[in-house]
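> the sequence and its predicted three-dimensional model are supplied below.
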Amino acid sequence: MPEHPNTTPAPTSEAVGDFYDHMAAFFNTLYGENIHFGLWEDPDLSMPQAQARLTDRLIDTLRLKDGDHLLDVGCGTGHPAMRLAERTRARVLGVSISPTQVDRATQKARDAGLSGRLDFIRADAMDLPCEPETFDAAWAIEMLFHVPDRLQVLREIRRVLKPGGRLVLADFVQTGPLTDTDWGLLTQGFAFSSLLTADTYADALAQAGFEDIRIHDVTAETRQNIRWIESRYADDREHLAAHYGPDFTAQMDQLLPTGITIYTEKLGYVIAEARRPVGR
């Protein structure tokens, strides 16, 4: 599977879990309950509205039926699963390597009276604790760039999907050359492991055993996220300093603008859809 080389050691699954546990307050400040980008159809949308638009795009792509069982790989704090439960009658098993996220998602489902339809467990996506051919569909929202071996994760997802089961992904892709310095920042600051390009994404899915693959480049609809993040960080910097300490914000004052520049100039965003073949 073609990947662009990252010369900085990739974070382990446990390190990614620790990253999200530690950065929970930071992400909540910048993103709210939804720890993912949004799709902006106009600049007047709020981040929650844009995030709901992305989630709805993924739900519509899955075309779930009543009673279908969805695997949410890298479920975060469960907000996309909650949105899906509002719009469909599907069941969800969410997995995350972060115990803090699993606890938060479980509590949210309980508070909403959805414990019977939404379940969340701590698990490593590289070794899913699920029987073969269990799920009607799966999605992974902004998580594959974290894993040390994305092909292994894709094969695990294929294993637990029923024949004909659909997969939808939302992921960052590389659009320009990344230097060793860029990779060091992405790896150490944001727990990146690897990136594909929009052109090679289909090859990775095919290698993992999927068919009917479609890649939708939605980079243009994600650029507004950067302006929102910049604004929220400026507004809540003192709150973050009180929570994490001044050293954290001093570091983030340098890290965040550089990360934003890398995203703006060298990264993009895709929605990918695929299907496990019937009979194989």
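Arrived safely, thanks for sending. Numbers count the residues shown, from 1 in each chain.
> strands of the stretch 151-280 of the chain, start to end?
161-174, 211-217, 267-275 (DSSP state E, counting those that start in this stretch).
> only the buried residues of the first one, if you could.
By neighbour count with 16 or more other CB atoms under 10 Å, strand 161-174 contains the buried residues 161-162, 165-174. C-beta here means a position set from N, CA and C on the backbone, and glycine is covered the same way.
> about what we covered before: would you turn the strands of the stretch 151-280 of the chain into a markdown table with distance to D199 and mean pLDDT?
Shown next, in a markdown table, are those (distance: least, CB to CB, whole Å; pLDDT from 0 to 100):
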| stretch | distance to D199 | mean pLDDT |
| --- | --- | --- |
| strand 161-174 | 9 | 98 |
| strand 211-217 | 8 | 97 |
| strand 267-275 | 10 | 98 |
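> what residue of this protein is the furthest out?
Centroid-distance maximum for the chain: G279 at 29.3 Å, with CA atoms, centre = their mean.
> who touches the residue nearest to it when sequence neighbours are not counted in this structure?
With CB to CB, 6 or more residues apart in numbering as the criterion, G279 has its nearest non-adjacent residue at 5.9 Å, and that residue is P163. P163 is in contact with 133, 276-280, counting by CB atoms under 8 Å, 6 or more residues apart in numbering.
> now these: which count as buried?
For these, buried by 16+ other CB under 10 Å: R276.
> of the contacts of P163, closest to V92?
Taking CB to CB as the measure, V92 lies nearest E133 of those, at 17.4 Å.
> quick one on the thing from earlier: ok, the contacts of P163 vs F27, which is closest?
The closest of these, once distances to F27 are taken by CB to CB, is R276, at 31.6 Å.
> how near is the closest one to E142?
22 Å (CB to CB, to the nearest Å).
> ok, now R159?
Taking CB to CB, one finds R159 at 22 Å from E142.
> next one: A105
16 Å.
> so for these two, which sits in the more crowded spot?
A count of neighbours by other CB atoms under 10 Å puts A105 above the other of A105 and E142, at 27 against 17.
> which SS state does the more buried one fall under?
Classification of A105 by DSSP: H, G, I helix; E, B strand; the rest coil places it in helix.
> what pLDDT does the model give it?
At A105, the pLDDT value in this model is 95.
> again, but for Q188
Confidence at Q188, expressed as pLDDT, is 87.
> any idea how far it is from E230?
With distances taken as CB to CB, Q188 is found 21 Å from E230.
> quick one, helices of the protein?
13-22, 24-31, 47-62, 79-87, 99-111, 150-160, 180-190, 198-207, 224-244, 246-266 (DSSP state H).
> among the ones you listed, which comes closest to L71?
Checking the helices of the chain against L71 by CB to CB gives helix 150-160 as the closest, at 6.3 Å.
> what are the contacting residues of the closest one?
1, 3, 71, 73, 125-128, 130-135, 138, 140, 144, 147, 167, 193-194, 196, 204-205, 207-210, 276.
> how far does that helix sit from its chain's centre?
15 Å (CA atoms, centre = their mean, to the nearest Å).
> now do stretch 259-277
So, by CA atoms, centre = their mean, the centroid of stretch 259-277 is 10 Å from its chain's centroid.
> now L161: closest residue in space, sequence neighbours ignored.
L161 sits nearest to R276 (CB to CB, 6+ apart), 4.5 Å away.
> show me what contacts the one you found?
Here R276 is in contact with 158, 161-167, 209-211 (CB under 8 Å, 6+ apart).
> for the nearest residue to R63 once chain neighbours are set aside, give me its contacts.
Nearest residue to R63, sequence neighbours excluded (CB to CB, 6+ apart): R166, at 7.2 Å. By CB under 8 Å, 6+ apart, R166 lies in contact with 61-63, 136-138, 273-276.
> please apply the same query to Q254.
Contacts of Q254 by CB under 8 Å, 6+ apart: none found.
> distance of it relative to V153?
32 Å.
> if we can go back for a sec, save the contacts of P163 as CSV, and put in pLDDT too.
CSV is the format used below for the contacts of P163 (pLDDT from 0 to 100):
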residue, pLDDT
E133, 97
R276, 98
P277, 97
V278, 94
G279, 77
R280, 63
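> quick one: which of the contacts of P163 is nearest to V95?
Distances from V95 to the contacts of P163, taken by CB to CB, are shortest for E133, at 17.0 Å.
> what distance do you get for the nearest residue to that closest one once chain neighbours are set aside to E41?
Leaving aside its chain neighbours, E133 sits nearest to K162 (4.8 Å; criterion: CB to CB, 6+ apart). The gap separating K162 from E41 is 34 Å, by CB to CB.
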